[in-house]
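Q: how would this look folded up:
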Amino acid sequence: VQLQASGGGLVQAGGSLRLSCAASGSIFSIYHMAWYRQAPGKQRELVARISGGGGSTNYADSVRGRFTISRDNAKNTVYLQMNSLKPEDTAVYYCNAAHAITRGAYWGQGTQVTVSS
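A: Okay, here's the model as predicted:
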């Protein structure tokens with residue numbers, strides 16, 4: 001599966017952004033999808049995850065209540081709605097697909113999110 005992330009940018013603290021990740025090349029609903037992020041000098045961390053059918057989600061404690069992950073299997077796209085953004089949310093955000101059976105994992109190219117104070 002190929003993943004193309006978009007929607008990053010520069011926003012002031014308290015603002016919102018919506019990231020999108022479009023998938024191609026395979027049956028989208030068989031993949032659990034996730035967003036990760038990596039800030040300069042830090043390890044990549046899980047932000048949010050959603051099951052193949054969209055019925056199960058989980059979030060990092062740092063974003064719970066501010067970020068919402070969703071997916072549209074008809075459009076082969078996963079979204080990350082980010083509200084009440086903070087400077088510490090600044091990072092490169094990566095889309096990840098994990099096959100539900102084989103556990104094979106795929107990564108998108110990353111999109112930069114910068115939150116100014």
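Q: CA atoms for contacts and neighbours, from now on please.
A: Noted.
Q: Which strand or helix spans the residue nearest the centre of the chain?
A: Per C-alpha atoms, centre = their mean, the C-alpha nearest to the average position across the chain is that of residue 35, at 2.7 Å. Element membership for residue 35 (DSSP states H and E) is strand 31-38.
Q: Tell me which residues of that strand come out buried.
A: 31, 32, 33, 34, 35, 36, 37, 38 (16 or more other C-alpha atoms under 10 Å).
Q: now swap in stretch 39-46 and tell me
A: Those would be 39, 46, for stretch 39-46 by 16+ other C-alpha under 10 Å.
Q: got the contact list for it?
A: Here stretch 39-46 makes contact (C-alpha atoms under 8 Å, 6 or more residues apart in numbering) with 34, 35, 36, 37, 38, 59, 60, 90, 91, 92.
Q: Quick check: the first one touching residue 52?
A: Spelled out, that is residue 34. No - taking contacts as C-alpha atoms under 8 Å, residue 34 lies outside contact range of residue 52: 10.4 Å.
Q: coming back round to it: residues contacting the residue nearest to the centre of the chain?
A: 46, 47, 48, 49, 80, 93, 94, 95, 96.
Q: Just the ones of those in strands?
A: 46, 47, 48, 49, 80, 93, 94, 95, 96 (DSSP state E).
Q: Looking at residue 45 now. What's its pLDDT?
A: pLDDT, residue 45: 98.
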